[in-house]
Structure formats: C-alpha cells, structure tokens
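Chemist: Could you work out the structure for the sequence below:
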Amino acid sequence: MTIFCSHCHRPLQAEMSCLPRRAKQAPSASRPFRSTKSASKARRDQINAELQALRSLLPISAEEKERLSYLHTMALVCLRLRGARLFPPGLASPASPALGTELLSLLPGFLLVLSADNKLVYISENVAQVLGLSVVELLAQGDTVFDILDGRVGEDVHKKLLLAQEEPGREVTFVSEMRTSKAFRLQHGGNRVVAVCGRFVALHWPPSPSTTAFLALCTPVVQSPTDGEAASQDDIFQSMHLLDMTFIDVTESVTYHLGYHREELGGQSWYSLLHPEDAELAAAQHRAVALGAGAGPAAGTAVLRVLRKDRAWTWLRVWARRDGGCITCTCRCLREEEAAHLRARQPRAAAPPAGRDLGRLAEQLRALADSLSPPAPRRWLRPEEAEDDASVCLGNSLLGPPQFLRFPFEQKIGCNIPSVLSQVSSLQRC
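Modeler: As a prediction, the model looks like this:
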C-alpha cells in the first residue's frame, strides 16, 4: 500500500514525511511553587511601621496616639502638611504653642482655617466643647469644610466662599448645622447650629491661591437662654416689664447693645422700640406668655428687630416668661445671617379670628389718636402692685399691639381720627 505525502503528494513510507520534524525537547524541570503570602505580609508590616513612625511624630498626647487608627493618622498627617505649606516654620502658625488653652477658653467659639480649595488646615482644640467631637473625630468625617456642614447649605456656603476669595479681606458670614457626636444629638435633639464668620487673608506676597487661607471664628447659635455652655454671655441683657410690656427695669448692659441708658427706658412701652413689621409677632408672643398659652418654651421665643438709640435696627432673640404680675425677657443680639436662619425655622403666629379685625382696627386707631395728643401723667406701678392690677393690664394689652403705631406715625397725618373711628364703629354695628 502506497502512502502519499499530504503536502507534496509524493509516495512515502509510513514513517516518513516531507515536513521538517521538530527536534525533540528535553523534558524541562518543574518549577517550584512560590507563595506571595509572605511578601504581602512583609509589605504590610513595612507600611504599618511607617504609619507608626508618622504617628509618633504627631504633636498629641500618648493616650490620643494609642486611640488613633491608621485612617485617623493619615488624616492628621495630611492636616499638618497643609498647615506647614501655608504656615512655613518662619511664620507664626495658628497651631503654635502660643495659642494655648487659656486663650482658647476665652473665645466664644472655635477657630477654623481653610485653604483656597476649601480643605481643612487647622481646627482649634476647643471644638470639642462646641460640637462634642475632637479634632481627630471631626477629620474622620472628611477633609473639606463641606464634610462637616449640613449638606442643604453647601451651595450657599460655596458661593460665599468664592465671593470672599475674589475680594480678600471682605468678611462673610454663613450659618449652618455642623456634625456633632451622638451623645450631643441625644441631649440637644439635633446637630449644633454654628455661625461661621471669617475672611480670606494673603499669608505671603505676592498673593496666590496656594498662599491664601480663610480664617474664621465659629460661634454656636444659642437655642435657649439656659444654654450657657454654648456661647458667651456678653451679648445678653435682661428686662422686666408689667403685663402690658411697660419697662420696669433693665440691666446695665443694654447701654452697650442698644445705646439707651437704664433710666431712659423706665416707663416706656416695649412696642415703642419694635419694628412695625414685627409688632404682630411680638403681640402673639405677648399673648402666649401673659395667658400661658402655647406648648413648651417655643411659645415665648421670638426673633425681632428693635430700634437702637442711633436710629439703626438690630436683631434680638427674645425669650419671655411670666413671673407673677411681671414679664421677664432675656434678649440676645444676633447677626443678620443668624436672624434669617432662625426666622426661617420660627413657627408663624396664629392669625386672630376674622370677626375681630374691625375691633382691632378700632383699637389701633385709638392708640394712634392717643399718640397724636399729649399723654396724660401716669404713675407707673411697682412690681408688687402689678399683681393686684393684672386684670386691667391684660385687658389693655392682649387685643392687639398697644400703641405699636406710635413710632411709625410720630408726624401728624392728614386724616380725621374721630370720623374714622365713627365709621369703624358703624361698620361693627352692621
């Protein structure tokens, strides 16, 4: 039997082929199996040793070093590196020993330093007194200012920081909730509201994004007059009133905040200092406190504008409570941004029944008529006498803001008050 080659079609023997045969390869020796487990462990041990060396260089106590995880260690190292870049050894750093605990304890809040790209550069150690979180725990939230703020205000805060960066030296203020510890949220019912006030400062010349920093003071917005640990008591004054909100006494600090002397306010009405647009809100607070209406302390809390002696308006947060025949008010001065934040969360006063609108209009017009005529001499009651005359005070004050039109209408207006009153009375009879 003839066998032909499949390649050249020539007759070949059974064991022959025209194709070159591959040389027989010697059997290779089997490679030994190498495990990478020991190499990975060696790399991890080397990384851990480097992290421990970095941790030992951090300027914190030994107890805090023991509690640091590797993530916290790297966050603190990055914070220190950003601080060293903005504050070289030749310059005074905000983290220097000169800014000790004694100076920090005198501040009404904590210090915050940001880079031009909104990275955290420095947070003072007294942040734990305000937020209940240490610097290390706060850095675990993230390395930018937006990681520790309420996300709902992120866009507004970003716009203000850009505005401050475009105009170095311009002071900007924003109010936002900051993240707090779980224990703080359980005690206070939520995160801490903080007002951040600061400006961008050029640390080197010529100024550039890498040499500018945002220096700010973060002060907590006090939620109640008893929250003494939240902020300083320097911006608070107290006043005592009769049930018709006539001043009986006021603390001496009112001179610093409003410009009035203590003797000037004695015998004046609280409504004579209020902004006309806030009179209705103040009257609702007045009714709630005098009659004991409303649920909880929120019924006696309001954010109002009052007139300073220099004819400028200032914002106050007023906590009012009734003590027998008197009403005591604790007032705290606010920035405009703080007032806007609190007004947005302030419950609106309930509108009075529609059937009493004409009656209230008549009362207001009578008050206007009284303001245009010389006031009759009056003997102001002392606090001990006010308890017996409580019913009279309530009857003269709770229907509407007593004499709240006196300040806006100091000049005479062109209308006949008695005729207007007669027209309103005829409408009421109808």
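
Chemist: Roughly how far does C78 sit from A84?
Modeler: With the distance defined as CB to CB, to the nearest Å, C78 ends up 11 Å from A84. Where C-beta positions appear, they are placed from N, C-alpha and C, glycine not excepted.

Chemist: scratch that, L203 is what I was asking about
Modeler: Distance, L203 to A84, using CB to CB: 12 Å.

Chemist: Also L243?
Modeler: Distance from L243 to A84, by CB to CB: 62 Å.

Chemist: And the helices in the stretch 201-350 of the chain?
Modeler: Assigned helices in the stretch 201-350 of the chain, in chain order: 254-258, 262-265, 279-291, 336-344 (criterion: DSSP state H, counting those that start in this stretch).

Chemist: Which other helices and strands does the longest one contact?
Modeler: Counting contacts by 3 or more CB pairs under 8 Å, 6 or more residues apart in numbering; DSSP states H and E, helix 279-291 is packed against strand 301-307, strand 313-323, strand 326-334, helix 390-397.

Chemist: Repeat that for the second one.
Modeler: Counting contacts by 3+ CB pairs under 8 Å, 6+ apart, helix 262-265 packs against strand 247-250, helix 254-258.

Chemist: Export the shortest one to PDB, keeping only CA atoms.
Modeler: Spelled out, it's strand 247-250. The C-alpha trace of strand 247-250 is given here as PDB (Å, rounded to 0.1, in the frame of the first residue of the first chain):
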ATOM      1  CA  PHE A 247     -40.400  98.600  81.100                       C
ATOM      2  CA  ILE A 248     -39.900  98.300  84.900                       C
ATOM      3  CA  ASP A 249     -36.200  97.600  84.900                       C
ATOM      4  CA  VAL A 250     -33.400  96.600  82.600                       C
END
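
Chemist: could you give the mean pLDDT of it?
Modeler: If you average the pLDDT over strand 247-250, you get 93.

Chemist: neighbouring strands for it, and are they parallel or not?
Modeler: strand 236-242 (antiparallel) (DSSP bridges).

Chemist: May I see the buried residues of the partner strand?
Modeler: Residues of strand 236-242 classed as buried: 236-237, 239, 241-242 (neighbour count, 16 or more other CB atoms under 10 Å).

Chemist: Between those, which sits nearest D310?
Modeler: The closest of these to D310 turns out to be F237 (CB to CB; 16.7 Å).

Chemist: which ones are touching the closest one?
Modeler: 250-251, 253-254, 257-258, 331 (CB atoms under 8 Å, 6 or more residues apart in numbering).

Chemist: Buried subset of those, written for ChimeraX?
Modeler: Of the contacts of F237, the buried ones go into a single ChimeraX selection, burial set by 16+ other CB under 10 Å:
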select :250,251,253,254,257,258,331
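
Chemist: Which two of the contacts of F237 have the greatest separation?
Modeler: Farthest pair in the contacts of F237, by CB to CB: T251 and L258, 11.1 Å.

Chemist: these two touch, right, L114 and D147?
Modeler: No. Counting by CB atoms under 8 Å, D147 is not a contact partner of L114; they are 11.9 Å apart.

Chemist: So between these two, which is more surrounded?
Modeler: More crowded of L114 and D147, by other CB atoms under 10 Å: L114, with 24 against 16.

Chemist: OK, contacts around the more buried one?
Modeler: Shown in contact with L114 (CB under 8 Å, 6+ apart): 120-121, 145, 161, 213-214, 216.

Chemist: Show me what it bridges to in the sheet.
Modeler: Judged by DSSP bridges, the bridge partners of L114 are L120, F214.

Chemist: do T246 as well
Modeler: T246 has these beta-bridge partners by DSSP bridges: S269.

Chemist: And it, how far from L107?
Modeler: For T246, the distance to L107 - CB to CB - is 38 Å.

Chemist: And these two? Which one has more around it.
Modeler: Neighbour count, other CB under 10 Å: between T246 and L107, T246 has more, with 23 against 18.

Chemist: OK, contacts around that one?
Modeler: Shown in contact with T246 (CB under 8 Å, 6+ apart): 267-270, 380.

Chemist: Residue ranges in the stretch 301-430 of the chain under the pLDDT threshold?
Modeler: Residue ranges of the stretch 301-430 of the chain with pLDDT under 70: 347-430.
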